[in-house]
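Undergrad: model this:
(one chain, ligands or ions: 2)
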Amino acid sequence: TSEEMEARIIAIKLQLGEKLFIPGHHYQKDEVIQFANVTGDSLQLAQLCAANKQAEHIVFCGVHFMAETADILTNDHQKVYLPDMRAGCSMADMANIFQTDRAWDALTEMFGDTIAPLTYVNSTAAIKAFVGKNGGATVTSSNAHSMVKWAFTQKERILFLPDQHLGRNTAYDIGIPLEQMAVWNPINDKLEYEGEIEDIKVILWKGHCSVHEKFTVQNIADLRESDPEIRIIVHPECSREVVELADDNGSTKYIIDAIENAAPGSKWAIGTEMNLVNRLIQNHPNKQIVSLNPSMCPCLTMNRIDLPHLLWSLDSIVNNEDINVIQVDEETTKDAIKALERMLARA
Ligand code: 13P
Ligand code: SF4
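TA: Residues are numbered from 1 along each chain as shown. Ligands and ions are numbered 1, 2, ... in the order given. Prediction:
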């Protein structure tokens, strides 16, 4: 039963003490998040893993790219585990290293040495290594503005992987007109752009988040009609049109802070992942909170981490079995860490 599993998890946590560290991303289920030592967005969890030097076992409750980042940022004696290997990220899967190498060859042919590569942390370790090797950095949704500004101090143009929406919304906010943004399509290796290519300042990878793309202009129109007073806040992984029509947008942490600081009685519609929206609803009974999309929008891969998988992972540690260990090879780590450190130095 759930109670038995919970009791066993508590016992293992007590047994392992500080040797065990469980970071939990805000999009995780309640049944998992209750056992996290720390909760946070992807940037906070990366920082907390980098700072933790005593835990031998880091059981990452989040998705694969986050566990890879934790492995890159921790020491050799620390092992990182992902309770379910199927907990990937469909956005991270939209850019593989072969496509990226081909894109880079074509783009450097077109633009010469004028492009700084940036990758959202929602990407594989190999992409982070590619970016690190080429003088670029990683980005999260909570530092994207400062990282894009930084990239423009390095080169005239940026290539932003793999989320076109975060890239477009961020570049637009810092003053780059939409007409100066092109889209790289990794499926046919083509640049989608209608003007003179010398005018291009931002090259957006044609990737997206399948969860945040479900928040639509129609959802906003419906809500505004039914409740003109409601404030709408969305994650910048939503499309440009949705971000433009919303009242506010920002990273996971930004959304949490906005709701925490909101006046009692205020009404909010939130465009981000369902587990987080539900938790905000539970934690703020004095505010009226709904999801921007009535069908709620779960991240199916985040949800793969559940109580049985967490227990299975912890049991395997106690039994000295190396199950679901995430280990980024040395060569990749050496370059990927450069991209992460350029970000962490500015975060
Ligand atoms: P944060 O960087 O806001 O934690 O978001 C990670 C993510 O996967 C959003 O979809
Ligand atoms: Fe990936 Fe989107 Fe899920 Fe975040 S919410 S982990 S970007 S699929």
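Undergrad: Give me the mean pLDDT for stretch 68-86.
TA: Stretch 68-86 shows a mean pLDDT of 95.
Undergrad: and that stretch, how far apart are its ends?
TA: Length of stretch 68-86, first residue to last, CA to CA, to the nearest Å: 14 Å.
Undergrad: and that stretch, how far from the chain's centre?
TA: 16 Å (CA atoms, centre = their mean, to the nearest Å).
Undergrad: And that stretch, what's buried?
TA: The neighbour-count criterion (16 or more other CB atoms under 10 Å) identifies 68-74, 78-84 as the buried residues of stretch 68-86. (C-beta placed from N, C-alpha, C; glycine too.)
Undergrad: Just these: which are in strands?
TA: Per DSSP state E, strands hold the following members of these: Lys79, Val80, Tyr81.
Undergrad: Ser226: how many residues sit nearby?
TA: For Ser226, the count of nearby residues is 8 (other CB atoms under 10 Å).
Undergrad: Pull the contacting residues for it.
TA: Listed by CB atoms under 8 Å, 6 or more residues apart in numbering, Ser226 has no contact partners.
Undergrad: What does it show for phi and psi?
TA: Main-chain torsions, Ser226, degrees, to the nearest 10: phi -80, psi -30.
Undergrad: quick one: the least confident helix or strand in the chain by mean pLDDT near ligand 1?
TA: The weakest-scoring helix or strand in the chain, judged by mean pLDDT, DSSP states H and E, is helix 42-51 (a mean of 92). Yes. Helix 42-51 comes into contact with ligand 1 (CB under 6 Å from any ligand atom), by way of Ser42.
Undergrad: secondary structure class for Ala116?
TA: What DSSP: H, G, I helix; E, B strand; the rest coil gives for Ala116 is strand.
Undergrad: Can you check the pLDDT for it?
TA: At Ala116, pLDDT is 98.
Undergrad: Would you check that it makes contact with Lys155?
TA: Yes. Using CB atoms under 8 Å, Ala116 makes contact with Lys155 at a distance of 3.9 Å.
Undergrad: So for those two, which sits in the more crowded spot?
TA: Neighbours were counted for Ala116 and for Lys155 using other CB under 10 Å; Ala116 has more, 22 against 16.
Undergrad: any idea how far Cys209 is from that one?
TA: 23 Å (CB to CB, to the nearest Å).
Undergrad: Then Leu314?
TA: Counting by CB to CB - Leu314 and Cys209 are separated by 29 Å.
Undergrad: do Val80 as well
TA: 23 Å.
Undergrad: now swap in Ile323 and tell me
TA: Ile323 is 29 Å from Cys209, by CB to CB.
Undergrad: Likewise for Gln44?
TA: Distance, Gln44 to Cys209, using CB to CB: 19 Å.
Undergrad: More neighbours: which of those two?
TA: Counted by other CB under 10 Å, Gln44 and Cys209 do not tie: Cys209 has more neighbours, with 25 against 19.
Undergrad: Just list the residues touching the more buried one, thanks.
TA: So Cys209 contacts Ser90, Met91, Asn122, Asp163, His165, Glu237 (CB under 8 Å, 6+ apart).
Undergrad: so what's the backbone phi/psi at it?
TA: Torsion angles at Cys209 (phi, psi; degrees, to the nearest 10) stand at phi -100, psi 120.
Undergrad: And the pLDDT for it?
TA: For Cys209, the predicted pLDDT is 97.
Undergrad: Ala347 against Gln44, yeah?
TA: No. Ala347 lies out of contact with Gln44 (CB under 8 Å); the separation is 9.4 Å.
Undergrad: Fine by me, we can end here.
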